[in-house]
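In: With the input below, show me the fold.
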Amino acid sequence: MDRRAAILLAAEKLFAQYGYHAVSIRQIAEEAKVPVALVSYYFGAKHELFHAIFEHWSPTIDERLVRLRAVPIDPADPRTLPRIIEAFIEPVLELRASPEGEYYALLVARELYNATEEAYQVQRDFFDPMAHAFIDALHAALPHTTRGQAAKGYQLAMGVLLTHLSDARIERLSRNEMRCADPAAAPMLVSFIAAGLRAALPRPGTPAEDTTASTRARA
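Out: Predicted coordinates for the structure are as follows:
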């Protein structure tokens with residue numbers, strides 16, 4: 001492995017394990033076994049190194065979009081929504097389970113939704129265009145919703161995915177029956193997200209406020 005790649009991998013691993021702000025350039029250099037000055041030589045400031053990690057992994061976003069474009073969007077077909085969700089989650093689960101992608105997937109799950117300028121910049125540059133594509137697909141598959149409701153549904157689906165990727169508590173709660181980030185759980189995740197979207201987003205003839213009221217009445 002060349003020294004530039006070693007620095008990138010070291011930063012990815014440490015940011016995933018400890019968080020962006022808890023890791024110094026010196027720690028990254030020590031993990032990569034290179035001089036500190038070499039980190040700045042290749043990548044500049046720490047926020048530029050953070051950005052470079054996502055640039056390196058941008059083909060994984062392209063893969064999700066390729067899978068999404070292969071989904072026939074037919075609102076009348078009950079398979080459309082699960083197929084959209086599969087395109088959204090399966091490449092990430094496969095990446096998380098791979099030796100080369102484990103730390104990157106964990107970095108996305110742990111760090112990307114923190115309220116930092118570095119995370120916002122990465123979101124805008126890399127993930128927002130993909131998010132808009134999936135929101136458009138959800139809106140097309142559920143045409144009785146507004147696009148804003150589809151966007152909220154996307155964010156809720158993202159929460160489910162991020163929890164699955166990063167929360168090892170499931171191993172303790174399941175008494176080791178389930179593993180954190182297990183790709184074998186993909187069918188359960190797809191079914192859970194699809195059922196949640198269908199239940200939570202308003203159906204034809206059921207305004208959102210009526211759905212909320214009926215939910216409160218059942219609670």
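In: got any ranges where this protein has weak pLDDT?
Out: For the chain, the stretches flagged by pLDDT under 70 are 202, 204-219.
In: Please identify the buried residues of the lengthiest helix in it?
Out: When the chain is parsed with DSSP state H, its longest helix is helix 147-166. Using 16 or more other C-beta atoms under 10 Å as the test for burial, helix 147-166 gives 149-154, 157-158, 161-162, 164-166. For every residue, glycine as well, the C-beta is placed using N, CA and C.
In: Identify the farthest-apart pair in those.
Out: For the buried residues of helix 147-166, the farthest-apart pair by C-beta to C-beta is 149 and 166; their separation is 26.5 Å.
In: what's the domain layout of this structure?
Out: Under the assignment automatic domain parsing, the domains of the chain span 3-52, 57-218.
In: just to revisit the earlier point, ok, so of the buried residues of helix 147-166, who is nearest residue 136?
Out: residue 150 (7.9 Å).
In: Can you tell me how far that closest one is from residue 67?
Out: 18 Å (C-beta to C-beta, to the nearest Å).
In: Report the distance from the longest helix of the chain to the chain centre.
Out: 9 Å (C-alpha atoms, centre = their mean, to the nearest Å).
In: Return the set of buried residues in the helix or strand that that helix is followed by.
Out: Using DSSP states H and E, the next helix or strand after helix 147-166 towards the C-terminus is helix 169-173. For helix 169-173, a neighbour-count test (16+ other C-beta under 10 Å) marks residue 170 as buried.
In: Which positions within the next helix or strand after helix 169-173 qualify as buried?
Out: The helix or strand immediately downstream of helix 169-173 is helix 186-200, counting by DSSP H and E. Burial within helix 186-200, assessed by neighbour count using 16+ other C-beta under 10 Å, is assigned to 186, 189, 190, 193, 194, 197, 200.
In: Repeat that for stretch 40-60.
Out: For stretch 40-60, by 16+ other C-beta under 10 Å, it's 42, 43, 46, 49, 50, 51, 52, 53, 54, 57, 60.
In: Now, these that are in helices?
Out: 42, 43, 46, 49, 50, 51, 52, 53, 54, 60.
In: quick one: contacts for the second one?
Out: The reference is to residue 43. By C-beta atoms under 8 Å, 6 or more residues apart in numbering, residue 43 lies in contact with 7, 8, 49, 52.
In: Which single one of those residues is nearest to residue 143?
Out: residue 52 (39.7 Å).
In: Can you tell me the closest non-neighbouring residue to residue 92?
Out: residue 105 (6.0 Å; C-beta to C-beta, 6 or more residues apart in numbering).
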